[in-house]
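Undergrad: fold the following for me, if possible:
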Amino acid sequence: MIAMQYSLALADDHAMARIDRRIADKGPQFDGYPQLHMKAWLTARRQPELQGSVNLYAPFYLWASPQGQTDFLASPAFATLCRDLGRPAVQTWLPWHTELAPGLAQARHASRSITAIAADADLAALRAQAAVEARAAMARGALAVVTGFDPAGWTQLRVQLWKQAPAVQDPAAQVYAVGHVSLPTA
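TA: Coordinates of the predicted model:
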């Protein structure tokens, strides 16, 4: 498996309703997409009271294999995104632990945190702790938790999806609205 996200910062006056329409139109087309375990169609709105907040379109993907990811990045769908919004930098992580609940399609909120991994960190212990934290989040009602790491930048990823707005513990976490969740078809 491989986790992937790109985040497109949009102008303060960008008509976010256009992004919502894009998600409504294209989201269902990705249900059953080859090798896609999950795509959470994420957005964030600029909040003038929060310094540094911006309009974002930032879908998060969980691929069955790197081949699924590379096939998508070479696809007409990704070419259309690049034409319409610009070619984004794509971040990837190797999943450590993934939990997906049966009601995942009902997710409406998400959070993502990326933290640095210390040079002397015990990766096995971090991975084990990520699994414990993921199970705890699921017990509190999370519909999905994906944790992983990027060995190029030595960062740890935590993405959580919720039906109700979560109480985010990490003040540096990015909070999103979920417009659609694309899943494999039965």
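Undergrad: contacting residues around the top helix by length along the chain?
TA: Using DSSP state H, we find that the single longest helix of the chain is helix 123-139. Applying C-beta atoms under 8 Å, 6 or more residues apart in numbering, the contact partners of helix 123-139 are 96-99, 101, 117, 142, 145, 147, 149, 156, 158, 160. Heads up, the C-betas are built off the backbone N, CA and C, glycines and all.
Undergrad: show the average pLDDT along it.
TA: Across helix 123-139, pLDDT averages out at 94.
Undergrad: can I get the contacts of helix 123-139 in a markdown table with distance to Asp12, pLDDT and secondary structure?
TA: Shown next, in a markdown table, are these (distance: C-beta to C-beta, whole Å; pLDDT from 0 to 100; DSSP: H, G, I helix; E, B strand; the rest coil):
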| residue | distance to Asp12 | pLDDT | secondary structure |
| --- | --- | --- | --- |
| Trp96 | 36 | 94 | strand |
| His97 | 37 | 94 | strand |
| Thr98 | 35 | 95 | strand |
| Glu99 | 36 | 93 | strand |
| Ala101 | 35 | 94 | coil |
| Ile117 | 33 | 96 | coil |
| Ala142 | 31 | 94 | coil |
| Val145 | 32 | 97 | strand |
| Thr147 | 32 | 96 | strand |
| Phe149 | 33 | 95 | strand |
| Gln156 | 31 | 96 | strand |
| Arg158 | 28 | 95 | strand |
| Gln160 | 27 | 95 | strand |
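Undergrad: may I ask which two of those are separated the most?
TA: Using C-beta to C-beta, the contacts of helix 123-139 span at most 27.2 Å, a distance reached by Ala101 and Ile117.
Undergrad: that older thread, could you flag which of the contacts of helix 123-139 are buried?
TA: When the contacts of helix 123-139 are checked for burial by 16 or more other C-beta atoms under 10 Å, the buried set is Trp96, His97, Thr98, Glu99, Ala101, Ala142, Val145, Thr147, Phe149, Gln156, Arg158, Gln160.
Undergrad: the helix or strand of the chain with the lowest mean pLDDT: partners in the sheet, and parallel or antiparallel?
TA: Here the helix or strand of the chain ranked lowest by mean pLDDT, DSSP states H and E is strand 8-10, holding a mean of 89. Strand 8-10 has its sheet partners listed here by DSSP bridges as strand 55-57 (antiparallel).
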